[in-house]
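S.K.: Task: produce atomic coordinates for the following.
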Amino acid sequence: NNSTGSWEFLNLKTKSRIRRSHWVKMKTSELIVNIMNHFDDKVERTPQEVPQDPVQELEPVAPAAQPVEQVTEQGTPGSAAVADVIEEQPAEAVSEAPQTVEATAQEAVSSRTRLRSGESILRPSKYSMATKVDKRTIIDPVKKQAVEKAEGDEVDLILDGLKAVEIISEDDVEGKAHNCHIFTVDKTLANGKFDKCKSRIVLHGNEQDPNLYPDKSSPTVAIHSIFVCLAFAAFQGITEVAKIDVKGAFIQTPMEGPPVYIRFSPQLTKLIVKRFPQYAKYVNSKGCLFGKLLKALYGCIQASKLWFNNLVRFLKSEGYEQSPTDPCVMRKIKGQKIFLLLIYVDDILVIATREEIERLRARFIAKFQWITMEVGTTHSYLGMQIKLFDGYATIDMIHYIEKMLTEVNSEKTFATPATKKIFDVDETAVVLNEEERKKFHTLVAKILFLSKRARPEISTANSFLCTRVTKATVEDKRKLYRLLGFLRGTKDVVLTLRPLNLKLEAYIDASFAPHHDSKSHTGVAIFLGNALVYVASRKQKCVTKSPTESELVALTDYIGLVELFAEFIAFVTNSLVQIPVIYQDSTSVIAIVTKGGGIVRTKHLRVRMNLCKEGIDKDRFKVEHVFTHKMIADGCSKALENPDFRVFMNNVLGIVVK
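M.R.: Okay, here's the model as predicted:
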């Protein structure tokens, strides 16, 4: 209890401060409650030993083994025959609106965990490089046969393999039966190679009543969490990891709550009856079949939440525990070894020893019947091509860039992604027509997806273009084409994570009032032992009066994120992390946050100053000075030109200049 009357708690194992968002309510008995209620009574009591009942811990029940139809590993015969799972997720929004994590009901972890780390951080959306197939336009008989096989495989999986739907008569439907449809896609890997043709039956979840499912959101692993774990793996010298893909993940999850009924269209009914003639007697006068969902079919409002809870329960029974800062990262400690699992819906990246990988393979097969597991040094994961080497890892999206550039009729190349006038807005410029504006919007969204993963050096230019997608002009289009020209000339560049240690360092900078509305621009670059794990380039939310104020706003906007990074790294490494260092090039800001005092213009800024000073005084982080020419985040707060941009690019991409 400090002088202000607020409480602070320390983790006795790591000796680190526990954030309020991670406090867990103590489980008490009636005896303890009575004692606490009378704690302040002025009655002298003779100390007594209070007998306590032993607490019995529940042993996790191992899942029963189930028959396996087919399990393959990358590089072994038969792998092409195993159907994969494609998650249909909405595309990543251009404006990065805040989102919160709704924790599982079993966990006493605050749902505000990630929101408090930096409100404008979006979780990555699933990116599956897939092209929708229109069966009506197919001429090639081989291709048509492949699509028909994919559709048949999906029907077999739903009705027979996983028994996700029970076919019933229309009279047995209680309430509303929701419609569904089937679609087919050609799926490719991050390197552009064809993977497989896959069909999926999807329920129309928009017909469900959302009020019946108040707890329906499920998290996905953050990109910066992936980078931290890959950097840690590289530091440990790990060169081989695994990727697990659970076939039909959602439809392996039992339904919970009110019963959900499904109506199959006449076309889909014909396909079902063709493969399962015994269901012909259930077809109604309109040629439709009806069913009751036994498993969480794709498209259901609650499907993703049910699957995530099911997966987490299973992994906890295997000895893994969730990170309090990212619930999609799970850790297991065995002796001196640390195993990590990164969860993105049904795609699970495994960083562990070969022995643990093989053990997980057997346990996943026993639990989920059909899985695919790839073990090696190279993996296609969330649109990224990840490669591990001795002491470092690389991430590239070369095929993604090449495919994007085919949509642009230009062959020009540029040495930098933008000029120093990137933030200037010409109010007299001609506005693009709606067709051109939509194309502009699409390209900017694709570049945003790229900048968040493999090309952080383009974040500054693209952050401005994101603010122009609803009102793009000819001038904005020229800026976009310059950025694309830079990517054309550097498409083979890769991001390298080469950690020299596990020291957490953050560079936070601000450019004063470069925008037409006089708002400043913040740039952030966070490193784990020289390996970049996070980059941000964002327009500030408020107008500041001086460069010092803009630097203070930038610093205080991200100190919470730096603290969360420290907590996450402590979880991943299972060790006490050095006090993180935040570098600033403004000596005036350093003075007011370390010494206090001075004249603060508003209460809002005074709160920011004292918030940072409190963190420094309590050794939660340090703020140290760095000269401007060594401020790496300078390239995230403003557009640089060569040679400064080349230095910035080498720093964030981990390019070693000989």
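S.K.: What's the mean pLDDT across the host helix or strand of residue 355?
M.R.: Residue 355 belongs to helix 354-368 when assigned by DSSP states H and E. If you average the pLDDT over helix 354-368, you get 95.
S.K.: in that helix, what counts as buried?
M.R.: 356-357, 360-361, 363-365, 367-368 (16 or more other CB atoms under 10 Å). In this view, the C-beta of every residue, glycine as well, is placed from N, C-alpha and C.
S.K.: Equivalent analysis for stretch 523-530, please.
M.R.: So for stretch 523-530, counting by 16+ other CB under 10 Å, buried means 523-529.
S.K.: cool, stretch 618-632 as well?
M.R.: 620-621, 623, 626, 631-632.
S.K.: still on that earlier bit, what would the buried residues of helix 354-368 look like in a markdown table with distance to residue 580?
M.R.: Listed next are these as a markdown table, based on distance: CB to CB, whole Å:
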| residue | distance to residue 580 |
| --- | --- |
| 356 | 30 |
| 357 | 32 |
| 360 | 32 |
| 361 | 37 |
| 363 | 36 |
| 364 | 36 |
| 365 | 41 |
| 367 | 39 |
| 368 | 39 |
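S.K.: Quick check: the two most widely separated of these?
M.R.: By the measure CB to CB, 356 and 368 form the most distant pair in the buried residues of helix 354-368, at 17.6 Å.
S.K.: So the closest residue to residue 258 other than its chain neighbours versus residue 256, what's the distance?
M.R.: Leaving aside its sequence neighbours, residue 258 sits nearest to residue 212 (CB to CB, 6 or more residues apart in numbering; 6.0 Å). Distance, residue 212 to residue 256, using CB to CB, to the nearest Å: 11 Å.
S.K.: Pull out the buried residues from stretch 164-177.
M.R.: 164-165, 167-168, 170, 173, 177.
S.K.: what's the closest of those residues to residue 372?
M.R.: Closest to residue 372, out of all of these and judged by CB to CB, is residue 164, at 19.1 Å.
S.K.: Quick check: pLDDT value at that closest one.
M.R.: 92.
S.K.: Which residues are in contact with it?
M.R.: 157-158, 248, 251, 293-295, 297 (CB atoms under 8 Å, 6 or more residues apart in numbering).
S.K.: if we can go back for a sec, same list, the buried residues of stretch 523-530, but as CSV with secondary structure please.
M.R.: Shown next, in CSV, are the buried residues of stretch 523-530 (DSSP: H, G, I helix; E, B strand; the rest coil):
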residue, secondary structure
523, strand
524, strand
525, strand
526, strand
527, strand
528, strand
529, coil
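S.K.: Could you find the two of the residues you listed that are most distant from each other?
M.R.: 523 and 529 (20.7 Å).
S.K.: Now the longest helix belonging to the chain: average pLDDT?
M.R.: With DSSP state H setting the assignment, residue counts place helix 547-573 as the longest helix in the chain. The average pLDDT within helix 547-573 is 95.
S.K.: Repeat that for stretch 191-202.
M.R.: 82.
S.K.: what's in contact with that stretch?
M.R.: 80, 83-86, 88, 130, 133, 146-147, 149-151, 153-155, 158, 180-189, 268, 297-299, 380, 385, 398-399, 402-403.
S.K.: Mind checking which of the residues you listed are buried?
M.R.: By 16+ other CB under 10 Å, these give 83-86, 130, 133, 146-147, 150-151, 153-155, 158, 180, 182-189, 268, 297-299, 380, 385, 398-399 as buried.
S.K.: Filter those residues down to the ones in strands?
M.R.: Among the buried ones among the contacts of stretch 191-202, the members falling in strands (DSSP state E) are 130, 133, 180, 182-188, 380, 385.
S.K.: From residue 550, how far out is residue 332?
M.R.: Residue 332 is 44 Å from residue 550, by CB to CB.
S.K.: And residue 495, by the same measure?
M.R.: Taking CB to CB, one finds residue 495 at 29 Å from residue 550.
S.K.: Residue 486 is in contact with residue 416, isn't it?
M.R.: Yes - using CB atoms under 8 Å, residue 486 is in contact with residue 416, at 6.3 Å.
S.K.: so where's the chain uncertain?
M.R.: For the chain, the stretches with pLDDT under 70 are 1-17, 19-130, 597-600, 658.
S.K.: My guess is residue 631 contacts residue 582. True?
M.R.: No - counting by CB under 8 Å, residue 631 stays clear of residue 582, with 11.6 Å between them.
S.K.: between these two, what contacts are shared?
M.R.: Contacts common to residue 631 and residue 582, judged by CB under 8 Å, 6+ apart, are residue 507.
S.K.: Just the element for residue 470, please.
M.R.: Here residue 470 is assigned to no helix or strand, by DSSP H and E.
S.K.: again, but for residue 372
M.R.: Per DSSP H and E: strand 371-376 holds residue 372.
S.K.: Give the buried residues for that strand.
M.R.: Buried, per 16+ other CB under 10 Å, within strand 371-376: 371-375.
S.K.: neighbours of the residue nearest to residue 258, just the number please.
M.R.: 12 (other CB atoms under 10 Å).
S.K.: Good, wrapping up.
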